[in-house]
Each structure stands twice: as C-alpha cells, then as structure tokens.
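Student: pasted the sequence and its predicted model underneath.
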Amino acid sequence: MPHSQFTDITQGITEIYHDLLDNRDGQVAQYIPSLASADPDKFAISICTADGQVFNIGDTDVPFSIQSTSKVFNLLMAYDELGPEEVHKRVGTEQSGGPFNDPVLSLDEDGVPRNPMINAGAIGTLAMVRSGERESARARALLEIWDAMTGRQRAGSDLETFLAEMETAEGNRKLTGRIAAKDKLMGGSGEVAVEDALRFYTTVCALELDSKRLAAAGATLANGGVAPFTEERVFSADATARALSLMAHCGMYDGSGKFAIEVGLPGKSGVSGNIMLVIPQLRMAMAVHSPRLDPAGNSVRGLEVCRRLVNQFNLHPYRQL
Ligand code: GLN
C-alpha cells in the first residue's frame, strides 16, 4: 500500500478511536469470571497490511483470549488438510439463524453443524485437524501457524479462561455429543471422542493474543494466505478465499446479516470483545479489542469502528458501484 494512503487511513483510525473512547454501551461477557472481570474500558485498534505496515492505537499490548475468532483458523487448517469437500460433509455453509451456542439451531437434522463460525461448527471443524495425533502435537501445529502469521510472536494461553470454560462447557458438550451421535465428529483418521474435541476446542478459544498479533493474522488472510512479515505461505489461496466468504456470511453470529449490509466485508468476532476485519481491496486487516458486547455477542465499539472506517473510506464493496 502506498505510504500516503496508509497515512490517510491511520489518521482516520486515530479520529475514530478518540471519538469512540466515551462510548460505554454494551456489557462485558458475564458467563465466566475471567471475562466478566475484564476492564470494560480497554480499547485497542491495530491495522496491518499485506506488505507489513502496521499502526496501533490504544491498549494494543493488552492480551485477551481470542475466543471465536480462532474459528476462522480452525477452518483454514481443516481445509488445507482435508480439502473443502470433505470438510463440508461434516460442517455446513449456511447461517444458523441463532446465537453462537444455540442448542437447537446450531445443527441440522443430520447432526451437521450449520457453519464453522459457531461453537458446534468450530468444535467439529477443529476435530478434523490432525485427528489421531497427540494433543501436544496438534497444539504445536496450530501454534506454528500462529507463529508464522504473527512474525513469530508466540500466542499465549489464558489458563483461567480455559479452566472456567471447561467448568461451564455443558452446552458445548451436549452439542458435541449430538454431532458424535450422528457420526459426524470425524477427522481424517476416523471418529473423535467428544471430550477430546471439546477440550481441544476450549484450549484454542483460550489462546491469548493482542490486537497487534490479531491484525497480522488478518493481514495473512488479506494477502491470500501469505503472512505479512515473513512472506511464508500459511494457507492455500483457495482455502483463504473460502474462509473469507464464510466470514462475510456468518462471522458475526446472529448479527451477520446486519454486518454484511453495514460493513460488507469479512469479519469475525469473539466474546472477549475482539473483532478481526479483513479489507481485501486494500490488502489490509484491522483488529479491534473492546470488551463491551451487544446482545449478539459482538463488541459494540468494535462494530462501530468497522462501520465508521468503511463509511469514511468508502470501503463497502457495493457502495462503490
Ligand atoms: N469459548 C466460547 C464458547 O465456547 C466461545 C464463544 C465465542 O467467542 N462466541 O462458548
């Protein structure tokens, strides 16, 4: 990206950041203490371009568990390991029409999760990744992906969040059991045990990053699967395009349709209050962290940053026609 264009964008983001500092709408996720006790006023915006230019404003060093934003990367790993056809035998491509953990709407009548961006779908998708291998080897493979995307700034792990999520995982456990009951909890090497799938999924939700590293991961997607700092190919271009399409379609839970109308770009949110937005036409990504959520579970300030950025720089693909 030309430097002058990058500077324009960073100035726009600086204004948006200051404008939104006083926005205290929404509520921090309450279901576990480690999220409920997050400082609600934290606010970070990071951007990263495919050619490695970065800009950070606010609390961009503050770590958070990435939660559902990890779902995109689970999907990418599954695509590149098994191919999209196999993956979509066990996870769908349509919106669920419900919240990310809906006990009924998350699965179709054959036990197939509606899409990879909700809990049931992400559990099923991650179960496909290196199934049959030791958990530590699977973790290593996953961390290597994150290392490559972030320029080797290793992701941390939020132990308390992991343990608390496991203690309150009954809903996810039931969903996983229903997938398994229909023989759809399957990796390349065969059936996966419910508890194994659940634990690994929960481990990955508790990966700890900051907005800087999340923006670099997004920039990898904006770059067709090639990491911004190291120029390593992390994901195939085909898998990346598919994952971006699914993000654009169902990345914001039950707020995905509204997001598509207002922002029109692929985004993914997590309940810690993070949003990763990919801006394909600028080959750039943005990560926002602000813990207060709307009723669908999306960061209130995060959504507003996306909307304002898109309006200010005319980035909605269909508003340019
Ligand atoms: N760990 C959370 C769960 O499984 C992830 C949810 C999210 O970010 N929406 O419920």
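Tutor: Right, received. Where do you want to start?

Student: enumerate the residues of the stretch 1-150 of the chain near the ligand.
Tutor: Gln67, Ser68, Phe100, Asn101, Asn119 (Cβ under 6 Å from any ligand atom). Heads up, the C-betas are built off the backbone N, CA and C, glycines and all.

Student: tell me which element Ser46 falls in.
Tutor: strand 44-49 (DSSP states H and E).

Student: which element follows that strand toward the C-terminus?
Tutor: Next along from strand 44-49, by DSSP H and E: strand 54-58.

Student: pull out the CA atoms of that following strand and give them to me as CSV.
Tutor: Listed next in CSV are the C-alpha coordinates belonging to strand 54-58 (Å, rounded to 0.1, in the frame of the first residue of the first chain):
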residue,chain,number,x,y,z
VAL,A,54,1.4,-1.6,11.0
PHE,A,55,-0.3,1.0,13.0
ASN,A,56,-1.5,0.7,16.6
ILE,A,57,-3.6,2.9,18.9
GLY,A,58,-4.8,2.4,22.4
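
Student: next one: the following helix or strand past that strand to chain centre, how far?
Tutor: Going down the chain from strand 54-58, the next helix or strand is strand 64-65, by DSSP H and E. Relative to its chain's centre, strand 64-65 lies at 12 Å (Cα atoms, centre = their mean, to the nearest Å).

Student: what do you get for stretch 278-285?
Tutor: 16 Å.

Student: buried residues, it. List them.
Tutor: Val278, Ile279, Pro280, Leu282, Arg283, Met284, Ala285 (16 or more other Cβ atoms under 10 Å).

Student: what does it contact?
Tutor: The contact list for stretch 278-285, computed with Cβ atoms under 8 Å, 6 or more residues apart in numbering, reads 1, 5, 9, 47-51, 215-219, 221-223, 244, 247, 265-267, 276-277, 286, 315, 317.

Student: just checking, what packs against the strand holding Ser46?
Tutor: Judged by 3 or more Cβ pairs under 8 Å, 6 or more residues apart in numbering; DSSP states H and E, the packing partners of strand 44-49 are helix 3-20, strand 54-58, helix 211-222, strand 284-289.

Student: show residues contacting that strand.
Tutor: For strand 44-49, contacts defined as Cβ under 8 Å, 6+ apart pick out 1, 6, 9-10, 13, 16-17, 54-60, 62, 210-212, 214-216, 218-219, 222, 228, 282-290, 305.

Student: ranges for the strands of the stretch 151-300 of the chain?
Tutor: Ranges of strands within the stretch 151-300 of the chain are 156-157, 186-187, 190-191, 207-209, 267-270, 274-279, 284-289, 292-293, based on DSSP state E, counting those that start in this stretch.

Student: export those to TSV and tack on distance to Arg138 and mean pLDDT?
Tutor: Formatted as TSV, the strands of the stretch 151-300 of the chain follow (distance: least, Cβ to Cβ, whole Å; pLDDT from 0 to 100):
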stretch	distance to Arg138	mean pLDDT
strand 156-157	14	97
strand 186-187	10	92
strand 190-191	15	92
strand 207-209	13	98
strand 267-270	21	98
strand 274-279	22	98
strand 284-289	25	98
strand 292-293	30	98
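
Student: of the ones you listed, which is nearest the ligand?
Tutor: Ranking these by proximity to the ligand (Cβ to the nearest ligand atom) places strand 267-270 first, at 4.1 Å.

Student: could you see whether the ligand lies near the closest one?
Tutor: Yes. Using Cβ under 6 Å from any ligand atom, we find that strand 267-270 touches the ligand at Gly270.

Student: okay, that strand in CSV with CA atoms only?
Tutor: This file holds the C-alpha atoms of strand 267-270, laid out as CSV (Å, rounded to 0.1, in the frame of the first residue of the first chain):
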residue,chain,number,x,y,z
GLY,A,267,-15.2,-10.0,9.8
LYS,A,268,-15.0,-12.3,12.8
SER,A,269,-15.7,-11.6,16.4
GLY,A,270,-15.0,-13.3,19.8
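
Student: partners of it, with directions?
Tutor: strand 274-279 (antiparallel) (DSSP bridges).

Student: could you give the separation of the partner strand from the chain centroid?
Tutor: Here strand 274-279 is found 8 Å from its chain centre; the criterion is Cα atoms, centre = their mean.

Student: do stretch 26-36 as well
Tutor: Taking Cα atoms, centre = their mean, the mean C-alpha location of stretch 26-36 is offset from the chain mean by 18 Å.

Student: hmm, back to that, can you add distance to Gly177 and give the strands of the stretch 151-300 of the chain back as CSV?
Tutor: As requested, the strands of the stretch 151-300 of the chain are exported to CSV (distance: least, Cβ to Cβ, whole Å):
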stretch, distance to Gly177
strand 156-157, 26
strand 186-187, 14
strand 190-191, 13
strand 207-209, 24
strand 267-270, 24
strand 274-279, 29
strand 284-289, 33
strand 292-293, 27
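
Student: could you check those and tell me which one is nearest Asn311?
Tutor: strand 274-279 (13.2 Å; Cβ to Cβ).
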